[in-house]
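Peer 1: With the sequence up front, the predicted model follows.
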Amino acid sequence: MSGQGAIPVVDLESLRALTGWAAACADEALHLFELVAPRDGRPREAIAAARRFADGGGRDNRLRKAALDAFRAANETSQPSASAAAHAASAAAGSAFLHPLADGQQVKHILGAVAFATLALESQDATPAFAALKRAIDEAPPEVAALLAQYPPCAPVKGRLGEILAELDTRLRQPRID
């Protein structure tokens, strides 16, 4: 199905697969936030909440609150890699709330955790960031590509984050050659 105009079908199992993948990707950058704010557990809790949902937990206000709390943590630090890592955690928990709207903005909900984690890692060293991005693409569950196929391309985002989102969107839409 093409994402052009059709209403996407977003089932619970696809959301669980997406959210589990997003949590694993966000976790790779979490240490960068914790180096700057070791006593602030909000991003870690957002990743834990995302994992609970992925493992069969509720898609409820606790999960939404964890996503918002990590978002606030991201905005409370001026250190770019720490902020990006907390945004990755927020996006991981928030991915459970993907909307079935044929809108390129929704693609950011699918890919945001990976893009922010890559941005955080890249600010420290390009080699681990490249490896994490490749791993995220290689380990993306089939549900992620199936979800992406239902949406139009990612809405443009400025800067390096936009470049990462565009690369992810393009690469994950390509047929897999295993």
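Peer 2: Here it is on my side, so go on.
Peer 1: Going by C-alpha atoms from here, please, whenever you check contacts or count neighbours.
Peer 2: Fine.
Peer 1: Compute the distance between the closest residue to A54 other than its chain neighbours and R51, please.
Peer 2: Setting aside the residues directly before and after it, A54 is nearest to R16 in space (CA to CA, 6 or more residues apart in numbering), at 4.2 Å. For R16, the distance to R51 equals 9 Å [CA to CA, to the nearest Å].
Peer 1: The helix or strand where the residue nearest to A54 lies: how far from the chain's middle?
Peer 2: Assigned by DSSP states H and E, R16 falls within helix 12-27. Centroid separation between helix 12-27 and its chain, computed with CA atoms, centre = their mean, to the nearest Å, is 8 Å.
Peer 1: all helices of this protein, in order?
Peer 2: Counting by DSSP state H, the chain has helices at residues 12-27, 30-36, 42-54, 61-75, 80-94, 104-122, 126-139, 142-149, 159-173.
Peer 1: Most tightly packed of those?
Peer 2: Among these, helix 80-94 has the highest mean neighbour count (mean count of other CA atoms under 10 Å), at a mean of 32.
Peer 1: can you pull the contacts of the residue lying closest to L18 once chain neighbours are set aside?
Peer 2: Using CA to CA, 6+ apart and skipping residues adjacent in sequence, the residue nearest L18 is V144, 5.8 Å away. V144 makes contacts with 14, 17-18, 110, 172, as judged by CA atoms under 8 Å, 6 or more residues apart in numbering.
Peer 1: where's N75 relative to Q106, distance?
Peer 2: The separation that N75 has from Q106, given CA to CA, amounts to 21 Å.
Peer 1: List phi and psi for R59.
Peer 2: With angles defined as degrees, to the nearest 10, R59 sits at phi -100, psi 90.
Peer 1: Contacts only, for it.
Peer 2: Neighbours of R59 in contact, by CA under 8 Å, 6+ apart: 53, 96-97.
Peer 1: make it 10 Å
Peer 2: Residues in contact with R59 (CA atoms under 10 Å, 6 or more residues apart in numbering) are 12, 15-16, 49-50, 52-53, 93-94, 96-97.
Peer 1: so who does L119 touch?
Peer 2: 29, 80-81, 83-85, 88, 113, 126, 129, 133, 160-161, 164.
Peer 1: quick one: pLDDT of it?
Peer 2: pLDDT, L119: 97.
Peer 1: Repeat that for S2.
Peer 2: pLDDT recorded at S2 is 46.
Peer 1: Alright, I will stop here.
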